[in-house]
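A.B. asks: What would the 3D arrangement of this be:
(4 chains)
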2 protein chains.
Amino acid sequence: MEFKKELEDKINLLRRKRIVITTPRLIILEYLLQNKVHPTAEEVYQSLKQRFPSLSLASVYNTLKLFSRLGITTELLLDKEKARYDINTIPHAHFKCLNCGKIYDLLDIKLPQKVTGHKVLSTQLYFYGVCQECLKKRSNK
Amino acid sequence: MEFKKELEDKINLLRRKRIVITTPRLIILEYLLQNKVHPTAEEVYQSLKQRFPSLSLASVYNTLKLFSRLGITTELLLDKEKARYDINTIPHAHFKCLNCGKIYDLLDIKLPQKVTGHKVLSTQLYFYGVCQECLKKRSNK
DNA sequence: ATTAGTGCAAACTATTTGCAATAAG
DNA sequence: CTTATTGCAAATAGTTTGCACTAAT
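C.D. replies: Next up is the predicted model:
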C-alpha cells in the first residue's frame, strides 16, 4: 500500500524536525495523502469536521502553514482569493480550468530551472484555460 | 518618447471598449507606465494620493481590477497576501527575491505553451530565490 | 510533569460593495 | 443632460493571533 509508506515518510520528517504528532496534524496529513485534489484550508476543514468534530479551522490553517514551511506541502497561489495545498512536492506545473474550476497536475511539463544570475529555490508554473473535458462538452452542443 | 505612445495605445484600447477615461484611470495608467515595478494596489494609492488627494483606495482597486479584466494589466499572484499588477502584458516570467523582496522580469525565459488536451489561455511562471545582488552582498561578508 | 499544540473568539488585512455625490461625454 | 464612475464607509473573506485549556511525550 503506497499510502502507508507515504504517511510514514511524512511522519518521520515531522519527528526529525521535533514536531509533535497531534491528532489534527495526523488526520490532515492522511486526508491530503488520500485526496490529492489541491484543497483549500476550508475544504480540508469541511471534509474532516464530521469525523473529528473537535477540529478547528484555525488548526487547519496553522497545520497547513506548518506543513508548507517544512516542505511537506506546497502552497499554490492559483487563485487570488484563497491558497490551495498540494501534498505532491515533486516540482510540477498546474492547469486550472476557468470553466469548471478543476485543477490538473501536469507532471510531464518540465519547469525551467536556470535563471541567469539569480539562485532559484522554488518555481511555480500555472496554466489557465479550458480543460479537455469542458472542450468536449462544448463541441457536443 | 516611448511612454506617450504606450499611453495612447492603452487609452485607445479603453475607448474602443467604451470605457470612460476618468482622472483615476488616467493617472493610474500613467503611473504604471512610468513605474514598471509590479506595485500592489496600496502602493499605487500611496504613490498617487499626494498629487491627487481626492483619489480613493477603492478606486485604485476597482481600476486595477478593470484593467486586468480588459487585459491592460496582468494580476500577479507572487505573494499570498496581496496581488501585484504588471503593465507589461507580453507574457513573461517573474523572479522574486526572498531576501530583499525585489521582483525581476525574466523576458528571456520562454514559457511552455503547449499542454496536452487542454486549451491554454494564460500562463504564470514564478521563480523564488535569492537574487544576484543579494548573493553578491552575502559573499562580501 | 513539562511543553507544545488546540480551539475558540477576536483581530487583522486585502478586497469588494452600496450608495449618494460628482464628473465625463 | 445623462449615465458611468468616484469616494467614502461599511461589509466581506481569508487568514492569523492571544490565551486558557488539553494532549503528547
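
A.B. asks: Figure out how far the lowest-mean-pLDDT helix or strand in chain A is from the centre of its chain.
C.D. replies: One helix or strand of chain A scores below all others by mean pLDDT, DSSP states H and E: helix A:132-140, with a mean of 90. Averaging C-alpha positions (C-alpha atoms, centre = their mean, to the nearest Å) puts helix A:132-140 27 Å from its chain's average.

A.B. asks: Enumerate the positions of it that are buried.
C.D. replies: Residues of helix A:132-140 classed as buried: A:134-135 (neighbour count, 16 or more other C-beta atoms under 10 Å in any protein chain shown). Every residue, glycine included, has its C-beta placed from N, CA and C.

A.B. asks: For it, list the C-alpha coordinates in PDB.
C.D. replies: C-alpha atoms of helix A:132-140 as PDB (Å, rounded to 0.1, in the frame of the first residue of the first chain):
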ATOM      1  CA  GLN A 132     -10.200  18.800 -22.300                       C
ATOM      2  CA  GLU A 133     -13.400  17.700 -20.600                       C
ATOM      3  CA  CYS A 134     -15.100  21.100 -20.900                       C
ATOM      4  CA  LEU A 135     -13.900  21.500 -24.500                       C
ATOM      5  CA  LYS A 136     -15.600  18.100 -25.300                       C
ATOM      6  CA  LYS A 137     -18.900  19.100 -23.700                       C
ATOM      7  CA  ARG A 138     -18.900  22.400 -25.600                       C
ATOM      8  CA  SER A 139     -18.400  20.700 -29.000                       C
ATOM      9  CA  ASN A 140     -21.300  18.300 -28.200                       C
END
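
A.B. asks: is any part of it close to chain B?
C.D. replies: Yes - counting by C-beta under 8 Å from any C-beta of the partner chain, chain B is contacted by helix A:132-140 at A:132, A:135.

A.B. asks: which bits of chain A sit near chain B?
C.D. replies: A:75, A:77-80, A:83, A:93, A:95, A:97-98, A:104, A:106, A:108-110, A:112, A:115-132, A:135.

A.B. asks: run the last query once more with 6 Å
C.D. replies: A:77, A:80, A:83, A:95, A:109, A:112, A:115, A:117-132 (C-beta under 6 Å from any C-beta of the partner chain).

A.B. asks: For the residue nearest the centre of chain A, which residues count as its bridge partners?
C.D. replies: Chain A has residue A:86 as the residue nearest its centroid, 1.3 Å off, counting by C-alpha atoms, centre = their mean. On the basis of DSSP bridges, residue A:86 is bridged to residue A:74.

A.B. asks: any idea which helix or strand carries the nearest residue to residue A:6 once chain neighbours are set aside?
C.D. replies: Of all residues not flanking residue A:6 in the chain, residue A:33 sits nearest, at 5.2 Å (C-beta to C-beta, 6 or more residues apart in numbering or on different chains). If you go by DSSP states H and E, residue A:33 is part of helix A:23-34.

A.B. asks: ok, back up a step: from what I can see the residue nearest to the centre of chain A touches residue A:74, true?
C.D. replies: Yes - using C-beta atoms under 6 Å, residue A:86 is in contact with residue A:74, at 4.7 Å.

A.B. asks: Parallel or antiparallel, list what pairs with the longest strand along chain A.
C.D. replies: Looking across chain A with DSSP state E, the single longest strand is strand A:119-130. Each strand that pairs with strand A:119-130, with its direction, by DSSP bridges: strand A:93-97 (parallel), strand B:119-130 (antiparallel).
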